[in-house]
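Student: Give me a model of this one.
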Amino acid sequence: MGKFAKWIGGGLGWAFFGPIGGLLGFTLGSLFESVADKAVLDQGGTTTGAYAMSLLVLVAAVMKADGKVLRTELEYVKKYFVQSFGHESAEEAMIMLRNILKQHVSVRDVALQIKQNLDYSSRLQLIHFLFGISIADGIIHPAEIKTIELIASYLGISTKDKDSIKYMFVPKTDSAYKILEINRNATDEEVKKAYRNMAVKYHPDKVSYLGEDFKKMAKEKFQKVNEAYEQIKKERKIA
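Tutor: Next up is the predicted model:
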């Protein structure tokens, strides 16, 4: 049994209820028989299982954004999960994802349930996952980007924070400044202050309660902030 199965089996917390819970019965039953029983034992706060299931449901919503799900998209998503969690966990995640894709996913209802139960840092990490998966094939999909932005709004993510994460993946003039949530005309001191603020906001320890695997993925976002800052420092010759 891989990590995904263990995470789900360890408890689904609040995800066992509401719109996400409505997607679970069929999905879990297709993967392994005893998980649903085990999940009922832990219906408290946020668990890694609840977070993992939230991610899968939102990934399904993004993949269906353009009205079709291509085999190539599934392959890229699987590759992303393999890199993140390993082959066995990726296989389990893809089984669950394929079954979620067969069902109707209300983006608004699911996102609002997640907003009510996840802290802001964890919601930021979900948006980072979604942008990463969306452009994993090297192509910017306008319909998927639009859906992710809609999800971000439902999750209560500020426009600046959403854009900061978006421009970690989508090339744009002044992307480094966008990532730090400042304008090009900012002073050197404002640049330094912005970096300090973003380093705190995106620090991997903010999601450490989800376990080392998700904390490891959060380091990618943290690294993008560092890279943006280094780029600006080099450009401005800031010591």
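
Student: which of the residues in the longest helix along the chain are buried?
Tutor: Looking across the chain with DSSP state H, the single longest helix is helix 212-236. Residues of helix 212-236 classed as buried by neighbour count (16 or more other Cβ atoms under 10 Å): 213-215, 217-218, 220-222, 224-225, 228-229, 232-233. Every residue, glycine included, has its C-beta placed from N, CA and C.

Student: which parts of stretch 60-70 are buried?
Tutor: Neighbour counts over stretch 60-70 (16+ other Cβ under 10 Å) mark Ala60, Ala61, Val62, Met63, Lys64, Ala65, Val69 as buried.

Student: Residues contacting it, please?
Tutor: 73-74, 77, 97, 100-101, 105, 107, 110, 130, 133-134, 141, 143-144, 146-148, 151 (Cβ atoms under 8 Å, 6 or more residues apart in numbering).

Student: and stretch 198-206, C-alpha only, in PDB?
Tutor: C-alpha atoms of stretch 198-206 as PDB (Å, rounded to 0.1, in the frame of the first residue of the first chain):
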ATOM      1  CA  MET A 198       6.900  36.500   1.300                       C
ATOM      2  CA  ALA A 199       9.600  34.200   2.900                       C
ATOM      3  CA  VAL A 200       7.500  34.100   6.000                       C
ATOM      4  CA  LYS A 201       4.200  33.600   4.100                       C
ATOM      5  CA  TYR A 202       5.500  30.800   1.900                       C
ATOM      6  CA  HIS A 203       7.800  29.000   4.400                       C
ATOM      7  CA  PRO A 204       7.400  25.200   4.200                       C
ATOM      8  CA  ASP A 205       6.900  25.000   8.000                       C
ATOM      9  CA  LYS A 206       3.500  26.600   7.400                       C
END
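
Student: show me the contacts for the residue nearest in space to the middle of the chain.
Tutor: Centroid-nearest residue in the chain, with Cα atoms, centre = their mean: Leu126, separated by 2.2 Å. The contact partners of Leu126, by Cβ under 8 Å, 6+ apart, come to Ser54, Leu55, Leu58, Ile114, Leu118, Leu155.

Student: Now do the closest residue to the fourth one other than its chain neighbours against His104, distance only.
Tutor: Which is Ile114. Nearest non-adjacent residue to Ile114, counting by Cβ to Cβ, 6 or more residues apart in numbering: Ser54, 5.1 Å away. Counting by Cβ to Cβ, to the nearest Å, the separation of Ser54 from His104 is 17 Å.

Student: Who has more neighbours out of these two?
Tutor: Applying other Cβ atoms under 10 Å to Ser54 and His104 shows that Ser54 carries more neighbours, namely 25 against 8.

Student: residues touching Ala239, list them.
Tutor: For Ala239, the contact set (Cβ under 8 Å, 6+ apart) is empty.

Student: Tell me the spacing between it and Val207.
Tutor: 32 Å.

Student: try Glu181
Tutor: The spacing between Glu181 and Val207, counted by Cβ to Cβ, is 20 Å.

Student: out of these two, which sits in the busier spot?
Tutor: More crowded of Glu181 and Val207, by other Cβ under 10 Å: Val207, with 22 against 18.
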